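J.: kindly generate the corresponding structure for this input.
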Amino acid sequence: MNQTVHNTNNYSLSIRFSPDGFSLFIYDENNINISKKSISAKINQLSETEIIDLLSKEPELQLNYKSVRLICETISYTVIPSVFFKNEEIADMLKFQHPELPKNEIVLYNFLDAWDAVNIFSLPKSLSVVLQQLLPEITIEHHLTTFLTDYIAMQNEKCLHIWIRSSEMDIVGIQNNHLQLINTYNYSTPEDFIYYTMNAIQQLGFNAEDCKVLLYNSEKAIELHQLLSKYVTKCEIVNELL
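T.: The predicted structure follows:
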C-alpha cells in the first residue's frame, strides 16, 4: 500500500473497516461506485503486523487514487456540542458514555461543522497505528461522521435516518435543523429492528403518521422496509452505500 496518495488518475477509494473485516469501494470521476470488494477478518484481534500483511495482499491497495477515505465502524462513540469540546479531555468524554472502554483503544475525533458538534470515538490501537503510518495525511473517519456529513442534510421535518448493518442499526433523529438523537442499537431479528425504530419515534415525541423514516444500505433494507411500512406511513429506502 502506497504511503502517499498521488493525484494520478480520476478514481477514488474508500476503505471501510469493521470488526468483521473491511470493504474496498472504488468510485469513478462522477463519484459512481464501480467496484466493491469485502474481506473477512477479525480486525480487532489482529496485531499491527497482521493488519499490514492483510492489507498488502489486496491489489486494489497498490494503486494510486485521486483521493482516499478511511472509514471505521465502531459502537464506541459519543457526539457532543462543539462548545463542550476540549481536546485534552476527549478520553474522559468518551468514557462518560462508554465507561468500559478497552485499554488497547485509541481515542480520536471528527468535527461535524454543519451540526456544530464533535464525534469522539475509539479504535483498536493496532488498527489506528497502522492507518496513521500507512496514510498519515488521511483523516480517519468514524462511520457516523461520514453518514452525517455526506448523506444527512438539515431539515425542518421530523425524520429518522437509519443506517442498517449486519447486526447494528444507527439511528439519527432530526427536527427543526437540529440533531435530536444519535444512537446505535444491536438487533438480531426484524422484530427487534421494528421495536427500536418505533421506540425512537416515541421517545422523540414524533408519530408514525408524519415522521419520515429513511433506510440506508439497500442490500439489507428491502425486507425491513416492507415490514416497517406496516407501522410507519412515510418509509423510504435510500439507495446509497457508504
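J.: buried ones in the helix or strand bottoming out on mean pLDDT in the chain, by neighbour count?
T.: Within the chain, no helix or strand scores below helix 218-228, which has a mean of 83 by mean pLDDT, DSSP states H and E. By neighbour count with 16 or more other CB atoms under 10 Å, helix 218-228 contains the buried residues 220-221, 224-225, 228. Any C-beta I mention is one placed from the backbone N, CA and C, and that applies to glycine too.
J.: format those as JSON lines; extra columns: distance to residue 24.
T.: Listed next are the buried residues of helix 218-228 as JSON lines, based on distance: CB to CB, whole Å:
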{"residue": "220", "distance to residue 24": "19"}
{"residue": "221", "distance to residue 24": "22"}
{"residue": "224", "distance to residue 24": "26"}
{"residue": "225", "distance to residue 24": "27"}
{"residue": "228", "distance to residue 24": "30"}
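J.: closest to residue 167 out of those residues?
T.: Nearest to residue 167 out of these is residue 220 (CB to CB; 10.3 Å).
J.: distance check, the nearest residue to that closest one once chain neighbours are set aside against residue 184.
T.: Leaving aside its sequence neighbours, residue 220 sits nearest to residue 164 (CB to CB, 6 or more residues apart in numbering; 4.7 Å). From residue 164 across to residue 184, the span is 11 Å (CB to CB, to the nearest Å).
J.: packing partners of the longest helix along the chain?
T.: Scanning the chain for the helix with the most residues, using DSSP state H, yields helix 190-203. Secondary-structure packing of helix 190-203 (3 or more CB pairs under 8 Å, 6 or more residues apart in numbering; DSSP states H and E): strand 159-164, strand 168-175, strand 178-186, helix 218-228.
J.: sounds good, over and out.
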